[in-house]
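Novice: Structure for the following, please:
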Amino acid sequence: MDWDVFTLRVTVALVLGSLIGAERQIRQRMAGLRTNALVAAGACLFVTVSEFSADPQGHARIAAQVVSGIGFLGAGVIMREGLNIRGLNTAATLWCSAAVGVLIGTGSLLKGTIGAIAILGANVLLRGIGQLINKQGLQSATEVEGIYRLSIVCRADDEVHVRTLMLHMLNGMPQLIIQSLHSEDLPLAGQLEVRADLITSPSNHLQLEQIVSRISLEKGVSAARWAVLNALET
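Specialist: Residues are numbered from 1 along each chain as shown. This next block holds a predicted model:
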């Protein structure tokens, strides 16, 4: 291999590794500009060693050793903080930087450049998509269905009216699933409690408030409230 070709390959690998590392450096990751540049250039240097030997399989053997060896470097940037694991993306980026270096070292400058662009695209463009997916997953996690109790205290003479009104309103809200409905006498003479146990999700709290507000306007109603009994397992 001529010196000018050797210099070109190492320089391209160093530049592409620097571009990949710059994105990591901007995000204040542990393996940044210099680390990725050195990984790419080092992988390139290792592979070009095979150019100085007569072994036709030298490229493949050295590249395989680079792939396994970079795993130890990647493991060094993976950190555990409580229940969270950090550094996986940075370790994967280092691994990919080594792949770019290997491509450049074998003389595939265009393929190595395309690989570097793909890595940058994954880290920059897919970041926003990943955050959107996480946000959607968090919203879904908050929509855990549970059992809610709707409790109305009224005069015994108004029991039929209150139960009818409650059923009418619940039937108009299909997102509130009736699990049970019953009445129970209270220690105070002439008073009873009408209770409805419902299955719904936190996003339907407004509907529960509407029912309580409407029924509380009835003349014989002395108390109206709702409460969460427990969350259902999914």
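Novice: Leu181 pairs with what?
Specialist: Assessed by DSSP bridges, Leu181 has beta-bridge partners Ala196.
Novice: what about it, neighbour count?
Specialist: When neighbours are defined as other C-beta atoms under 10 Å, Leu181 has 15 of them. For the C-beta atoms, the positions are set from N, CA and C on the backbone; glycine is no exception.
Novice: just Gln25 next, same as before
Specialist: 16.
Novice: Please identify the helix or strand for it.
Specialist: Assessed by DSSP states H and E, Gln25 sits inside helix 3-26.
Novice: for that helix, packing partners?
Specialist: helix 33-48, helix 88-105, helix 109-142 (3 or more C-beta pairs under 8 Å, 6 or more residues apart in numbering; DSSP states H and E).
Novice: List the contacts of that helix.
Specialist: For helix 3-26, contacts defined as C-beta atoms under 8 Å, 6 or more residues apart in numbering pick out 31-41, 43-45, 48, 51, 90, 93, 96-97, 100-101, 104-105, 107, 109, 112-113, 116, 119-120, 123-124.
Novice: relative orientation of it and helix 33-48 in degrees?
Specialist: Relative orientation of helix 3-26 with respect to helix 33-48: 150 degrees, computed using axes from the mean of the first three to the mean of the last three C-alpha atoms, to 10 degrees.
Novice: before we move on, back to that, show the buried residues in the contacts of helix 3-26.
Specialist: For the contacts of helix 3-26, a neighbour count by 16 or more other C-beta atoms under 10 Å gives the buried set as 31-33, 35-41, 43-45, 48, 90, 93, 96-97, 100-101, 104-105, 107, 112-113, 116, 119-120, 123.
Novice: in the helix holding Gln25, what counts as buried?
Specialist: Under the neighbour-count criterion of 16+ other C-beta under 10 Å, helix 3-26 has 6, 9-10, 12-14, 16-21, 23-25 buried.
Novice: mind checking the SS state of the residue in the chain sticking out farthest from the centre?
Specialist: For the chain, the largest distance from the centre (C-alpha atoms, centre = their mean) belongs to Ala189, which lies 55.4 Å off. Secondary structure for Ala189, judged by DSSP: H, G, I helix; E, B strand; the rest coil, is coil.
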